[in-house]
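[1] mind folding the following:
(chains A and B)
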Amino acid sequence: MASGLRGALALAARDIRAELRSRTALTSALVFAALVLVVFNFARDPTRLGVADLAPSALWITFAFGAMTTLNRAFAIEKEHGALDLLRLAPMPREAIYTGKLLANLAFVGVVEAVALPLFVLFFNRPVWHILGPLLLVTALATIGFVAVGTLLSAMAVRTRFAELMLPLLLLPFMLPPVIGAVQVTARLFADRPLSELWGWLRLLAVYDVVFVTISVLIFPAVADE
Amino acid sequence: MRPSDGSLLTAIDLERAFGARRALAGVSLVVDVGEAVLLAGPNGAGKTTLLHCLAGLARPTRGTVQVGGRTLRAGDPASRRRIGMVAHQTWLHDDLTLLENLAFAARLYGMSHPAQVAAAALERAGLGARSGDLPPALSRGMQQRAAIARALLHEPDIVLLDEPFSGLDAAASAALRATIAGVAGRGGAVVVVSHQPEEVWEVATRVVGLRGGRVVLDAPTAGNSPAITQPLAELGVG
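    Next up, the predicted model:
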């Protein structure tokens, strides 16, 4: 257990250090997120579609696709020079590899979201200070869900010839439940609806997280050894 | 398979199939304490596949691998701790310096003071001055030396080396031979895959020849007799 936690933290720290040096995934994800927001902002006809109608979807499309860009790299970097074998040979449970990758991916996606949110406020002129707490909660719950699945699927997709195409194909169906839930909650937050209307969706997101984190941890050893 | 009491590494009837092709077809091998085994054979003989099975990186289709008498399983980190490996690829991360790469490996093995351990290992490998460099800035030989240093970082009992002399100059090759002899001498065991038997011959205690996924030669190297050199030549590695 201790070796697993130690290994997971070492792996997450290594991935973050490597990403900070190369900035490959974060730069592309941030540029992508900014582009999506710009396109949404300028493609909207303000006389036909109000900000409130479009904003929740625009925000979550930005988050989801920005995340996908970073997830693609999670195991691709291990393929270089066969580095995944170093992790597989190390004296730690296979689950620690998954946990380390999940932690690093959550950090990367968190950065993308932390940068994209102020851009969203800027482009959509939609202040979020008064709903920041619940918005951060729903963001955390939805992000954990699709990043958990995305990390597992990234490990599967990296073994295919077209990994960068394969991951979105595999991940999108699994992304729908948390993204739909998050859009529903965000729309209600922007409409200043009472918090009591949100609990159902938040519970659904929490259950999704528990179920898919558990399934991913259980399945990953078989994926790593395949 | 030779009978053995002090075996560190045992392969029992290993078979590994890729579709219809069998890369290993019933390989059994016992590696004893203090042995340095040269694993030789032509391309496609199954040497690398065997090494991956011995390390637990490839799951045999049939048969088992034992480390110190204990079956090697994917869910058994304790057995893997005893193994160090240099593969075809260096397993070095391009965006981390040599020091960071080795310190990361030290952390994975739960070593205390990983940065100091990594720095000392790089010094021993003659790479102390390049410890702050990224792997792509180094020659293939230097990367190989770093990979060897990384594999030996946790002082494994069992060292598996796949073409470890690749890219090494004469001095580094001599140092690697001394390392192989040192691991065997302190009660460990080494298995070396090499197409250049002369590189490892002076420290190898035994040669095992593979062809078509089967063991076709298993003999001590002492004496360098025609009984060994002739079959090695037939394997295309003599």
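
[2] helices of chain B, residue ranges please.
    B:47-55, B:77-81, B:98-108, B:114-124, B:140-152, B:170-185, B:197-200, B:226-234 (DSSP state H).

[3] same question for chain A.
    Counting by DSSP H, chain A has these helices, from start to end: A:2-22, A:24-43, A:51-71, A:73-79, A:83-89, A:94-124, A:132-157, A:163-190, A:199-225.

[4] show me what from chain A comes close to chain B.
    Residues of chain A lying near chain B by Cβ under 8 Å from any Cβ of the partner chain: A:3, A:6-7, A:10-11, A:14, A:17-19, A:21-22, A:77, A:80-83, A:85-94, A:221, A:224-225. Backbone N, C-alpha and C define where each C-beta goes, glycine included.

[5] what's the burial count for the closest residue to B:I158 other than its chain neighbours?
    Spatial nearest neighbour of B:I158, chain neighbours left out: B:I83 (4.9 Å); criterion: Cβ to Cβ, 6 or more residues apart in numbering or on different chains. Close neighbours of B:I83, defined as other Cβ atoms under 10 Å in any protein chain shown, add up to 23.

[6] surely B:I83 meets B:H154?
    No: the criterion here is Cβ atoms under 8 Å, and B:I83 misses it with B:H154 at 9.4 Å.

[7] any common contacting residues for those two?
    Common contacts of B:I83 and B:H154, defined by Cβ atoms under 8 Å, 6 or more residues apart in numbering or on different chains, are absent altogether.

[8] from B:L9, how far out is the residue nearest to B:I158?
    According to Cβ to Cβ, to the nearest Å, B:I83 and B:L9 sit 9 Å apart.

[9] tell me the residues of chain B that contact chain A?
    Residues of chain B lying near chain A (Cβ under 8 Å from any Cβ): B:55-57, B:59, B:74-75, B:77-78, B:80-81, B:83, B:85, B:87-96, B:100, B:104-105, B:107-110, B:135, B:150.

[10] low-confidence ranges in the chain?
    Chain wasn't specified; assuming chain A. For chain A, the stretches with pLDDT under 70 are A:1.

[11] my question was about chain B, not that one.
    Counting by pLDDT under 70, chain B shows low-confidence ranges at B:1-5, B:223-227, B:237-238.

[12] repeat that with 50
    The model of chain B has pLDDT under 50 over residues B:3.

[13] what's the neighbour count on the closest residue to A:A10 other than its chain neighbours?
    In this structure, A:A10 finds its nearest non-sequential neighbour in B:R107, 3.8 Å apart by Cβ to Cβ, 6+ apart. Applying other Cβ under 10 Å, we find 22 other residues in the vicinity of B:R107.

[14] who touches B:R107 in this structure?
    Listed by Cβ under 8 Å, 6+ apart, the contact partners of B:R107 are A:6-7, A:10, B:114.

[15] and the furthest pair within these?
    The span of the contacts of B:R107, defined through Cβ to Cβ, is set by A:G7 and B:P114 at 12.2 Å.

[16] so those two - more neighbours on which side?
    A:G7 (25 against 21).

[17] measure that one to A:I97 for me?
    Distance of A:G7 to A:I97, given as Cβ to Cβ: 8 Å.

[18] do the same with A:V185
    32 Å.

[19] now swap in A:L171 and tell me
    Distance of A:L171 to A:I97, given as Cβ to Cβ: 19 Å.

[20] again with B:R150
    Applying Cβ to Cβ to B:R150 and A:I97 gives a distance of 18 Å.

[21] count of neighbours near A:H130?
    A:H130: 10 neighbours (other Cβ under 10 Å).

[22] distance-wise, check it relative to chain B.
    Per Cβ to the nearest Cβ, to the nearest Å, A:H130 is found 41 Å from chain B.

[23] could I get the contacting residues of that residue?
    No contacts exist for A:H130 under Cβ under 8 Å, 6+ apart.

[24] swap in B:L72?
    Residues near B:L72 by Cβ under 8 Å, 6+ apart: B:56, B:64-66, B:79-80.

[25] buried ones among the residues you listed?
    B:56, B:65-66, B:79-80 (16 or more other Cβ atoms under 10 Å in any protein chain shown).

[26] now, which of these sits nearest chain A?
    Set against chain A, the nearest of the buried ones among the contacts of B:L72 by Cβ to the nearest Cβ is B:R80 (4.9 Å).

[27] how about the contacts made by that closest one?
    Counting by Cβ under 8 Å, 6+ apart, B:R80 makes contact with A:89-91, B:55-56, B:72.

[28] chain neighbours aside, what residue packs nearest to it?
    Using Cβ to Cβ, 6+ apart and skipping residues adjacent in sequence, the residue nearest B:R80 is A:P91, 4.9 Å away.
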